[in-house]
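Asker: next input, structure requested:
(one chain, ligands or ions: 1)
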Amino acid sequence: MEKIQLKNINKQMKRKDILQNINLDIHGSLGLLGPNGAGKTTLMKIITTLIQPDSGTIQSENLNWENTKEVRKNIGYLPQHFSMYKNITVRECLNHLGNLKGISMHNRSKDILTTAENVNLIDVLDTKIKNLSGGMLRRVGIAQAILGNPKLLIVDEPTVGLDIEERVRFRRLLRKLGRDRHIIISTHIVEDIETTCDSICILKDGKVLQTGSKSDLLDLVRGKVVEDMVDLNDTYLESLRLISTREAGNQYKIRYFSDSVNQNNIVEPALEDAYLYLMKEEDTNDRR
Ligand SMILES: Nc1ncnc2c1ncn2[C@@H]1O[C@H](COP(=O)(O)OP(=O)(O)OP(=O)(O)O)[C@@H](O)[C@H]1O
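Answerer: Down below sits the predicted model:
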């Protein structure tokens, strides 16, 4: 599928600006990263045509966003809170949702099998929803989203409520699914997209702060992240832009941002550093 372009998307709700002038290209796997309330869910609902923007357009060469029926057929959506009737089996659930999606009975059973294989649900197809773990239930959510093989898959807060092992497995699955279709992963957890996405868009207060590849984002903070050993009662700590503090014997290892070029203890930045840097910069701009 050709890339999808969002141009000047604006949305107000109850006279509050929720999204302001969003310009974004979606191609391959995109991570939409931002704190709670940034506007991620609203943006995804606009892309899925569940809500309409006040202004702005979404364009793709082979899909007309004015034709909501056609767009919905080409989008799979896993909302933040996916739930299902507890007393039906996974197969019955997928059959029901496939039917709602308009997949013909003839194609449905085959599609369910292929999808279940793809997301590793084959062994639990005849298990009741109420007997699934959180990770398995998210897999059912993904399975229903990719039934019918949509060209764009949208996943909201993919790993919320999953334990560490399930998170890692689910991220691996998303990476695999992103090879064959565009995928948008919305999250406030940096690790969710760190190894999953080709490009990243950082959103805050309804505005795009930055878009780019992981290495573009790392370049923003390269040479600015410093690690040092300190006593926690050192008064100069208050003046630092701290990233983290970790206990290390009698002292503490601190990580912070510094703009001074003569720092000896500069370390290789992580994506989390770039995200925090942008958030702190924006807070400083807000206070000015
Ligand atoms: N129906 C609505 N009416 C009024 N305000 C709304 C409505 N839906 C969302 N908002 C507000 O819009 C802002 C963005 O919400 P949104 O859910 O899009 O953010 P988010 O980045 O997905 O955050 P979260 O992860 O907390 O859902 C928030 O301030 C929220 O309170």
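
Asker: list, one by one, the residues from the protein near the ligand.
Answerer: 13-14, 18, 34, 36-42 (C-beta under 6 Å from any ligand atom). Where you see a C-beta, it was placed from the backbone N, CA and C, and this is true even at glycine.

Asker: can we see that at 5 Å?
Answerer: Within the chain, the residues that sit near the ligand (C-beta under 5 Å from any ligand atom) are 13-14, 18, 36-42.

Asker: hmm, which of those residues are the buried ones?
Answerer: 18, 38-42 (16 or more other C-beta atoms under 10 Å).

Asker: quick check: the gap between the residue nearest to Trp65 when sequence neighbours are not counted and the ligand.
Answerer: Sequence neighbours aside, Ile58 is the residue nearest to Trp65 in space, at 4.1 Å (criterion: C-beta to C-beta, 6 or more residues apart in numbering). Distance, Ile58 to the ligand, using C-beta to the nearest ligand atom, to the nearest Å: 17 Å.

Asker: pull the CA atoms of the one helix or strand Ile58 maps to into CSV?
Answerer: For Ile58, the element it lies in under DSSP states H and E is strand 55-60. Extracted C-alpha coordinates of strand 55-60, given in CSV (Å, rounded to 0.1, in the frame of the first residue of the first chain):
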residue,chain,number,x,y,z
SER,A,55,-10.2,20.3,9.4
GLY,A,56,-7.3,18.6,7.5
THR,A,57,-7.1,15.6,5.2
ILE,A,58,-5.9,12.0,5.1
GLN,A,59,-4.7,10.9,1.7
SER,A,60,-3.4,7.7,0.2
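
Asker: run through the bridge partners of the residue nearest to Trp65.
Answerer: Ile58 has these beta-bridge partners by DSSP bridges: Leu6.

Asker: that one: neighbour count?
Answerer: Residues lying near Ile58 (other C-beta atoms under 10 Å) number 20.

Asker: neighbours of the residue lying closest to Glu272 once chain neighbours are set aside, how many?
Answerer: Once flanking residues are discounted, Glu272 sits nearest to Val190: 4.6 Å by C-beta to C-beta, 6+ apart. Using other C-beta under 10 Å, Val190 has 17 other residues around it.

Asker: roughly how far apart are Val190 and Ile46?
Answerer: Plainly put, Val190 is 24 Å away from Ile46 if you go by C-beta to C-beta, to the nearest Å.

Asker: now do Val160
Answerer: 21 Å.

Asker: how is the protein carved up into domains?
Answerer: Domains of the chain are assigned by automatic domain parsing as 4-214, 219-287.

Asker: please identify the most buried of those domains.
Answerer: domain 4-214 (a mean of 18; mean count of other C-beta atoms under 10 Å).

Asker: now do the end-to-end distance for it.
Answerer: From its first residue to its last, domain 4-214 covers 20 Å (C-alpha to C-alpha, to the nearest Å).

Asker: how far does the host helix or strand of Glu281 sit from the chain's center?
Answerer: Assessed by DSSP H and E, Glu281 sits inside helix 271-287. Distance of helix 271-287 from the chain centroid (C-alpha atoms, centre = their mean, to the nearest Å) equals 19 Å.

Asker: so what does that helix touch, helix or strand wise?
Answerer: Helices and strands touching helix 271-287, by 3 or more C-beta pairs under 8 Å, 6 or more residues apart in numbering; DSSP states H and E, are helix 190-194, strand 199-204, strand 207-212, helix 214-221, strand 241-248, strand 251-257.

Asker: need those in TSV (columns: mean pLDDT).
Answerer: Putting the helices and strands packed on helix 271-287 into TSV (pLDDT from 0 to 100) gives the following:
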stretch	mean pLDDT
helix 190-194	91
strand 199-204	96
strand 207-212	96
helix 214-221	95
strand 241-248	88
strand 251-257	90
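
Asker: if I look at the closest residue to Asn23 other than its chain neighbours, how far off is Leu24?
Answerer: Spatial nearest neighbour of Asn23, excluding adjacent residues (C-beta to C-beta, 6+ apart): Lys7 at 5.9 Å. The gap separating Lys7 from Leu24 is 9 Å, by C-beta to C-beta.

Asker: where do the strands of the protein begin and end?
Answerer: Along the chain, counting by DSSP state E, strands occupy 4-13, 16-26, 29-33, 55-60, 63-64, 75-78, 152-156, 182-187, 199-204, 207-212, 225-230, 241-248, 251-257.
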